[in-house]
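Novice: what follows is a predicted protein model with its sequence.
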Amino acid sequence: MGGQGGDGERERAGASCPACGEPLDPDDRFCEACGLAARAADGGRAESELPGRAAGVSDAGLARDRNEDALSLAELPRSRTVCAVVCDGVAAAPGSDRAARVAADTGTATLVARLEAGDGPEKATRAALDRASRAVADLAAGRRSAPACTYVSAVVEPRSVTVGWVGDSRAYWISCRGDRGSLLLTRDDSWADLMISRRAMSEPAARADPRAHLLTGWLGSAAAAFAPHAATFRPKGPGAVLVCSDGLWNHLPDAATLEEAARAAAARDGGLLDVVRGLVQASLDGGGHDNVTVALIPYPPLPPRPTEPDPPDEPPREPPR
């Protein structure tokens, strides 16, 4: 999705305070009505782009003092393969912003290394999950409370999409055909999904339960059981792979709704990064009470960008006489 670039970051028009509902001015740091922090402190937003191949935005949201999400994008320089990892630090565990950053960076580095070594995408995805899990566990040394995070990755190749995950960060297929063919590619490691899979509760009842978002899987030394997931999807037409933290899907959980939001953003701006900015803005307009991170990779992936050769060495000049 996307063509030419747009005119930059959209203002947070129409946003309201997640606590009291009063309108927020885009430049407000605090809600004038109730005093809740309305915007993240400096450094609460990060953007990343592989021009034409992938784009990502991570925003602290309207109610959090800092951003505990992390994203990382990578491309294989000699192939059409593009990778993305999004991680969400578990707020109840101190140091989880560092856990998310370490897991995202370790995940993409391992994906690239294993794919370049000849591993298939599912094998590389599981290796990356395992390495990221050990890297997060290593952060717990000397801590009473171990850092933890969720993890979702995508490996997008010309004929397939492979996703891996632990926790409730998600991957979606966004169809470009207009056939309502968008779908969720992952299944949350959460209390609600566990109840639904066991047929212990109906889906509406499980989703409405106060325990619905409790995690049953995550990265970190305190994880009860490390059970990573990996799956391969073969699209039948053009589209995009979206990976995100729950800050997005809490407001836009349905794949069809995400498709509509992506189409609306593409119609306004056209650029891939601007489409991602538009999706983040949709979450902020919906309340934005949590950190929100989104990465988008078009399918099929574009060829790698040509690298410019190094200029030839100039012959040494004779010193002036």
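Specialist: Good, I have the coordinates.
Novice: show me where the stretch 151-300 of the chain has its strands.
Specialist: Using DSSP state E, counting those that start in this stretch, the strands of the stretch 151-300 of the chain run over 161-166, 170-175, 183-184, 229-233, 239-244, 292-299.
Novice: would you turn the ones you listed into JSON lines with distance to residue 89 and mean neighbour count?
Specialist: Placement of C-beta: from N, CA and C, glycine included. JSON lines is the format used below for these (distance: least, CB to CB, whole Å; neighbours: other CB atoms under 10 Å):
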{"stretch": "strand 161-166", "distance to residue 89": "13", "mean neighbour count": "26"}
{"stretch": "strand 170-175", "distance to residue 89": "16", "mean neighbour count": "24"}
{"stretch": "strand 183-184", "distance to residue 89": "22", "mean neighbour count": "14"}
{"stretch": "strand 229-233", "distance to residue 89": "20", "mean neighbour count": "16"}
{"stretch": "strand 239-244", "distance to residue 89": "15", "mean neighbour count": "27"}
{"stretch": "strand 292-299", "distance to residue 89": "11", "mean neighbour count": "28"}
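Novice: let me know which of those is the nearest to residue 73.
Specialist: strand 292-299 (6.4 Å; CB to CB).
Novice: from the chain's centre, how far out does the closest one sit?
Specialist: A distance of 6 Å separates the centroid of the chain from that of strand 292-299, by CA atoms, centre = their mean, to the nearest Å.
Novice: residue 121 touches residue 163, doesn't it?
Specialist: No: using CB atoms under 8 Å, residue 121 is not in contact with residue 163; the gap is 9.5 Å.
Novice: now do the shared contacts for those two.
Specialist: Here residue 121 and residue 163 have residue 155 as joint contacts, going by CB atoms under 8 Å, 6 or more residues apart in numbering.
Novice: contacting residues for the residue lying closest to residue 217 once chain neighbours are set aside?
Specialist: Nearest non-adjacent residue to residue 217, counting by CB to CB, 6 or more residues apart in numbering: residue 189, 3.1 Å away. Contacts for residue 189 (CB under 8 Å, 6+ apart) come out as 150, 165, 166, 167, 168, 215, 216, 217, 218, 227.
Novice: what subset of those residues is buried?
Specialist: Applying 16 or more other CB atoms under 10 Å to the contacts of residue 189, the neighbour count classes 150, 165, 166, 167, 168, 215, 216, 217, 218 as buried.
Novice: the residue lying closest to the fifth one once chain neighbours are set aside and residue 132: what is the separation?
Specialist: Using CB to CB, 6+ apart and skipping residues adjacent in sequence, the residue nearest residue 168 is residue 188, 4.2 Å away. Separation of residue 188 from residue 132 (CB to CB, to the nearest Å) stands at 18 Å.
Novice: more neighbours, the two?
Specialist: Taking other CB atoms under 10 Å, residue 188 and residue 132 do not tie; residue 132 has more neighbours (30 against 23).
Novice: pLDDT value on that one, please?
Specialist: You'll see residue 132 listed with a pLDDT of 96.
Novice: three-state assignment of it?
Specialist: helix (DSSP: H, G, I helix; E, B strand; the rest coil).
Novice: so what's it up against?
Specialist: By CB under 8 Å, 6+ apart, the neighbours of residue 132 are 85, 87, 102, 103, 104, 106, 107, 110, 151, 219.
Novice: separation between it and residue 69?
Specialist: As judged by CB to CB, residue 132 and residue 69 stand 15 Å apart.
Novice: between the buried ones among the contacts of residue 189, which is nearest residue 238?
Specialist: Nearest to residue 238 out of those is residue 165 (CB to CB; 23.7 Å).
Novice: next, the contact list for that closest one, please.
Specialist: Counting by CB under 8 Å, 6+ apart, residue 165 has contacts 150, 151, 152, 153, 171, 186, 189, 228, 229.
Novice: any idea which helix or strand carries residue 103?
Specialist: Assigned by DSSP states H and E, residue 103 belongs to helix 96-116.
Novice: mind listing what's buried in that helix?
Specialist: Applying a neighbour-count criterion of 16+ other CB under 10 Å, one finds 96-112, 114-115 buried in helix 96-116.
Novice: for stretch 268-281, same thing?
Specialist: 269, 271, 272, 273, 274, 275, 276, 277, 278, 279, 280, 281.
Novice: so residue 257 versus residue 286, what's the distance?
Specialist: Distance, residue 257 to residue 286, by CB to CB: 11 Å.
Novice: those two: which is more packed in?
Specialist: Using other CB under 10 Å as the criterion, residue 257 and residue 286 rank with residue 286 on top: 18 against 14.
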